[in-house]
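Visitor: Quick one, structure for this:
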Amino acid sequence: MSIRLLNPAIEINHLSKVVDTVDGPLTILHDISFSVANGESLAIVGASGSGKSTLLGLMAGLDAPSSGSVFLMGQDISSASEDLRAKIRSQYVGFVFQSFQLVDHLSALENVQLPLEIKGISRQEATSHARFWLEKVGLVGRLNHRPKTLSGGEQQRVALARAFVTKPAILFADEPTGSLDDANGQKVIDLLFELNRDIGSTLVLVTHDLALAQRCQRQILIHAGKLTSA
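Guide: Here you go, the predicted model:
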């Protein structure tokens, strides 16, 4: 039985996701309920294909559930339009993806500025904030480099700076070290938790790495689309 939190950052109620396939309906997630407290760090773990990345996408409003509800900072995003979900994400959410998802033709500085400019912040102020966060992740000497000239570890640090530059209330990370070697992966993990402590955001990450999961305050296990622990 899940514990109901007062004013949680995220609240999931009886969430399910079903998709149509050539063989008929396929249930990816089934009747999942849990809450995440403000400022909590939570790891979602499970085998490949268990549904954990689908769950993260629903929690972040990147997709809509088949049934159930998702409340993000008190706002119901499960029945919201895509435009409204995007607006809520821009207000509250930062992302770190395994594949980095940097814009190839933009420099590191421009990639980090981008979410601020989308929010309507002036170019001068956006540049100042972007420089600050790139310095925080140790890339002050790589500001004008485009992603293809950066190593995998450097690209992920740019992605971290971009995620934190808006000081999001919630940070979602999907296999944030999956594309990195062990040395760079450990550096990114340390940096992720350090930056998260600095701004006090809620951290939700998907990982198959149990050592990474154990650094979070709580772990939940998804098995075959069902929540087996919370």
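
Visitor: chain center to stretch 42-59: distance?
Guide: Between the mean C-alpha point of stretch 42-59 and the mean C-alpha point of its chain there is a distance of 11 Å (C-alpha atoms, centre = their mean, to the nearest Å).

Visitor: Check which residues of that stretch are buried.
Guide: Using 16 or more other C-beta atoms under 10 Å as the burial criterion, the residues of stretch 42-59 that qualify are 42-46, 50-59. Placement of C-beta: from N, CA and C, glycine included.

Visitor: Skip ahead from the longest helix seen in the chain and say which helix or strand is next.
Guide: Ranked by number of residues, the top helix in the chain under DSSP state H is helix 182-199. Sequence-wise, the next helix or strand downstream of helix 182-199 (DSSP states H and E) is strand 202-207.

Visitor: now that next one against helix 182-199, angle please.
Guide: Here strand 202-207 runs at 160 degrees with respect to helix 182-199, directions being taken by axes from the mean of the first three to the mean of the last three C-alpha atoms, to 10 degrees.

Visitor: strands paired with strand 202-207, and their directions?
Guide: Each strand that pairs with strand 202-207, with its direction, by DSSP bridges: strand 41-45 (parallel), strand 170-174 (parallel).

Visitor: what comes into contact with the last one?
Guide: The one in question is strand 170-174. 9-10, 53, 56, 59-60, 72-73, 92-98, 163-164, 192, 196, 201-206 (C-beta atoms under 8 Å, 6 or more residues apart in numbering).

Visitor: Who is the residue most central in space within the chain paired with across the strands?
Guide: Centroid-nearest residue in the chain, with C-alpha atoms, centre = their mean: Phe172, separated by 1.5 Å. On the basis of DSSP bridges, Phe172 is bridged to Phe95, Val204.
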